[in-house]
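Engineer: need a 3D model of the following:
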Amino acid sequence: MAARIFAELRASQVEAACGPSSVAVLPVGAVEQHGPHLPLATDALVAEAVSKEVVATHDEDLWLLPTISYGRSVEHTWAAGTLSLSTATFAAVLDDIGRSVAAAGIRRIVLVNGHGGNVSEIQTALRDLRLAYGLLTFGINVFLAEEHDPAWAASENGLGIHGGAAETSLMLHLRPDLVDLSAARRRIPAQLADNVHARFGGSVAFGWLADDFGPEGYLGDPTLASAEAGASGFTSMVAALGDQLAEVARFDFPDSARSR
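Structural biologist: Numbers count the residues shown, from 1 in each chain. Alright, predicted model coming up:
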């Protein structure tokens, strides 16, 4: 099955190719430091690769939009190479794309997100786009779960959230040429691992910048990563996103005048 790449259509083809049953799939990532061992574009590369694979291999009327590689990365702006959008700019970019997608006659848009710092902004954008343009809007985070592989699940203590074993394994699978494992070290803040509430995924949220956990700005144990674990993780992520997008393609609000 040929991948449905929206930007490769000619303008004269859009009306016939896309319609109310179509689903616009928009990968969203970031360009930010991922420690000394991973490339700046890690989040964007992962979101794009998973999205492209699903669009290419599934029967639903899915259309892959060009990746938004820039995201809201204020927690990493202290580091060289980070290219971050402000909250207002990020919201405006998503609004402009949503408006354009609606103008193309597409009714559903899915933001496939690879960067944790984008989550709250995307959640807000889903309602704003729904209100402004009548789109059916969805957000899906494509993060490889820490418990996916026993080689690192217990060792990282739930803290391998940025540049750790999972992300490093994915990049060893997708773009090993961009990974420098010789620079990888274990970076687990033990004092945070002991917390019950004020921790990542806990009941108490806290503001943080990546260099709060050390000058290299990553968390996890990339020394446990492997290309094999990355391949397995990528396969599971593709399967999950495929199931999610299949349900999105059927989703509707049966009693909403806005959806008619």
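Engineer: which other residues reach the helix or strand hosting residue 111?
Structural biologist: Element membership of residue 111, judged by DSSP states H and E, is strand 108-113. If you take Cβ atoms under 8 Å, 6 or more residues apart in numbering as the criterion, strand 108-113 is touched by 22-29, 47, 50-51, 94, 97-98, 101, 119, 122, 125-126, 129, 135-142, 241, 245, 248-249, 251. Using the backbone N, CA and C atoms, a C-beta is placed for each residue, glycine as well.
Engineer: those residues in helices, which ones?
Structural biologist: 47, 50-51, 94, 97-98, 101, 119, 122, 125-126, 129, 241, 245, 248-249 (DSSP state H).
Engineer: thinking again about what came up before, can I get the CA coordinates of the strand holding residue 111 in CSV?
Structural biologist: Extracted as CSV, the C-alpha positions of strand 108-113 are listed here (Å, rounded to 0.1, in the frame of the first residue of the first chain):
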residue,chain,number,x,y,z
ARG,A,108,-10.5,14.7,11.6
ILE,A,109,-7.0,15.7,12.7
VAL,A,110,-4.8,13.8,15.0
LEU,A,111,-1.7,15.3,16.7
VAL,A,112,0.8,12.4,17.1
ASN,A,113,3.1,13.8,19.8
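Engineer: what's the average pLDDT for that strand?
Structural biologist: For strand 108-113, the mean pLDDT works out to 98.
Engineer: direction included, what does it pair against?
Structural biologist: Under the criterion DSSP bridges, strand 108-113 sits next to strand 23-28 (parallel), strand 136-141 (parallel) in its sheet.
Engineer: include mean neighbour count, distance to residue 105 and mean pLDDT when you put these into CSV, please.
Structural biologist: Listed next are those as CSV, based on neighbours: other Cβ atoms under 10 Å; distance: least, Cβ to Cβ, whole Å; pLDDT from 0 to 100:
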stretch, mean neighbour count, distance to residue 105, mean pLDDT
strand 23-28, 26, 11, 98
strand 136-141, 19, 13, 98
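Engineer: those into TSV, with extra columns for distance to residue 63?
Structural biologist: Output for the strands paired with strand 108-113, formatted as TSV (distance: least, Cβ to Cβ, whole Å):
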stretch	distance to residue 63
strand 23-28	5
strand 136-141	14
